[in-house]
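Participant: Below are the sequence and a predicted model; questions follow.
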Amino acid sequence: MTVQRPKIVLHDHLDGGVRPETVIDLAAAAKVDLPTRDSSQLAAWFTITPGMPFEEAWQRFGVVIDVLQTAESLRRVAREAVEDLAADGVVYAELRFAPLSHLRGGLRPEQVIGAVAAGLEEGEAETGCIARMIVCGLRENEPEESLRAAHLAVASADSRVVGFDLAGNEFDFGADLHAEAFAIARQGGLGVTVHAGEMAGPESIASALNSALPRRVGHGLHLIDDCVVANGKIAELGPVAREIVQRQIMLEVCLTSNSCLGTPVASHPVRLFHDAGIAVSINPDDRAITTTTVAHEYSLWRNAHGFTNRDFRDINLRAVDAAFCEPDTKAKLRDLVAAGWG
Ligand SMILES: [Zn+2]
């Protein structure tokens, strides 16, 4: 058996990582129609492919959200997420989701948070992988909705919530629409991250930096469009990239997820970012919807971009610094990572 080295995961969607077998189980109980009841066929159907229209891609998440409308289902998938991450050596994970998308079965927002917190706690007790939660607002929803999510997140700090994120349709809805929600989250002591530069360009990242004042950015892939690249290196950082470096904002990189949306793994700028001093971390994004695992992401970084164990040690130590958990947990994680990567 290979020894699993200790890994930090900062960007993993609860609803994007549900085991296909679990979706099948839960769909039967929730009377939700699935395209197939065969778990390997369902796993294949889930996988987003380059060029897939938005509506079809969101349909995948829609099916999962449909089966996650009870406390039992949320608790189960939270526990299983921690089990699956721990099996790949993950020692600390921040799992994110939009709690207000889980109210259709009659749950109150605090009950949604409570159910996920209970599942994370069970998973943590079982595996030792420390699990925390990030509450997401959605760009396409009314700003009042993300504000409500931010207030919920702040009020749930005792229930494993450590951060606030904005996800959703980046093309049509600017992060600036949700500035008030970000302010509430920051004032409430939460860490702030925001999906930006995943689909849209540097202007979207700039808007996120200005309106969210985040400590991390989800993806940031298109930050490369703000840079001058020559001879396989970033020769010059543009203004947005310079700000990322100066403010020491970490990019939550998700190679497989970006490849599903059309950027082949080999063409991803992660190596250029890293070599230019931009902080990057290794993340799976949506394990089920993009068919990946944390271990697979590490193999891509190693094989496609030449990252070494030494790099992985440094990257994980920086990920501990950028994590949203409390300082004593960080101290423990730092020791684990330093010892585990040698
Ligand atoms: Zn994401």
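Facilitator: Great, that's in hand.

Participant: Leaving out the residues flanking it, which one is nearest to A339?
Facilitator: P6 (8.0 Å; CB to CB, 6 or more residues apart in numbering). Just so you know, the C-beta spots here come from the backbone N, C-alpha and C atoms, and that holds for glycine as well.

Participant: And for G220?
Facilitator: For G220, the closest residue by CB to CB, 6+ apart turns out to be L251, at 3.9 Å.

Participant: what kind of secondary structure is the one you found in?
Facilitator: strand (DSSP: H, G, I helix; E, B strand; the rest coil).

Participant: quick one: contacts for it?
Facilitator: The neighbours of L251, taking CB atoms under 8 Å, 6 or more residues apart in numbering as the test, are R216, V217, H219, G220, L223, I244, F273, I278, A279, V280, S281.

Participant: Can you tell me which of those residues is closest to L34?
Facilitator: H219 (28.9 Å; CB to CB).

Participant: same for the helix ranked longest in the chain, what does it pack against?
Facilitator: As assigned by DSSP state H, the longest helix anywhere in the chain is helix 109-127. The contact analysis (3 or more CB pairs under 8 Å, 6 or more residues apart in numbering; DSSP states H and E) places helix 109-127 against helix 71-87, strand 90-97, strand 130-138, helix 143-155.

Participant: switch to 10 Å and redo it
Facilitator: With contacts taken as 3 or more CB pairs under 10 Å, 6 or more residues apart in numbering; DSSP states H and E, helix 109-127 sits against helix 71-87, strand 90-97, strand 130-138, helix 143-155, strand 161-167.

Participant: can you pull out the strands in this protein?
Facilitator: For the chain, the strands defined by DSSP state E cover 7-13, 90-97, 130-138, 161-167, 191-196, 216-219, 227-230, 233-237, 250-253, 280-282.

Participant: hmm, back to that, which one of the helices and strands packed on helix 109-127 lies closest to N316?
Facilitator: When the helices and strands packed on helix 109-127 are compared by CB to CB, strand 90-97 sits nearest N316, at 9.1 Å.

Participant: So what's the gap between that closest one and the chain middle?
Facilitator: How far strand 90-97 lies from its chain's middle: 8 Å, per CA atoms, centre = their mean, to the nearest Å.

Participant: Show me which parts of it are buried, residue by residue.
Facilitator: Buried residues in strand 90-97, counting neighbours by 16 or more other CB atoms under 10 Å, are found at V90, V91, Y92, A93, E94, L95, R96, F97.

Participant: List only those of the contacts of L251 flagged as buried.
Facilitator: For those, buried by 16+ other CB under 10 Å: R216, V217, H219, G220, L223, I244, F273, I278, A279, V280, S281.
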